[in-house]
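S.K.: Below are the sequence and a predicted model for it; my questions follow.
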Amino acid sequence: FGTLISLLYKGTPVVGCIDQCVLNERWFGIAGRRSTLNGVPISTDGAESLSEAEMYSTTPDMFRDGHERMRFDAMVRAVRTPHYGADCYAYALVASGFGADVVVEADLGLYDYCALVPVLEGAGGVISDWTG
């Protein structure tokens, strides 16, 4: 579990915080600035290819049958190792460049998504939907 806090300006996430209180870790991102973990600048590690990537997802059960499930299954086959169950912490790991390269999710609400955008982008990451 974790706490996600975001500030939107004209509908765009501009400030994000991922707080993992049990581990005393706090990621902070502001649009246009470098993201930090406990005040120290961070950056994504970035696998060179999907075959080298560690992928996280909350659960494979969140993907609906059909096109969405086929895309997810293709990602599972393409990455080095799929992992499950990290929730917002997986995004923080990607932003930190520590043991995670890709997070694939479905059915996210604004409360799940908005805080992640400035943190990931400020660490050099990209967040998008299936169409890019």
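M.R.: Yep, it's here.
S.K.: Could I get the average pLDDT for the helix or strand hosting Leu4?
M.R.: Leu4 belongs to strand 3-9 when assigned by DSSP states H and E. Per-residue pLDDT values across strand 3-9 average out to 98.
S.K.: Now do it: which elements does it pack against?
M.R.: strand 12-20, helix 116-122 (3 or more C-beta pairs under 8 Å, 6 or more residues apart in numbering; DSSP states H and E). All C-beta atoms are positioned from the backbone trio N, CA, C, and that covers glycine.
S.K.: need those in a markdown table with mean pLDDT, mean neighbour count and distance to Thr81, can you?
M.R.: Listed next are the helices and strands packed on strand 3-9 as a markdown table, based on pLDDT from 0 to 100; neighbours: other C-beta atoms under 10 Å; distance: least, C-beta to C-beta, whole Å:
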| stretch | mean pLDDT | mean neighbour count | distance to Thr81 |
| --- | --- | --- | --- |
| strand 12-20 | 98 | 19 | 22 |
| helix 116-122 | 98 | 25 | 20 |
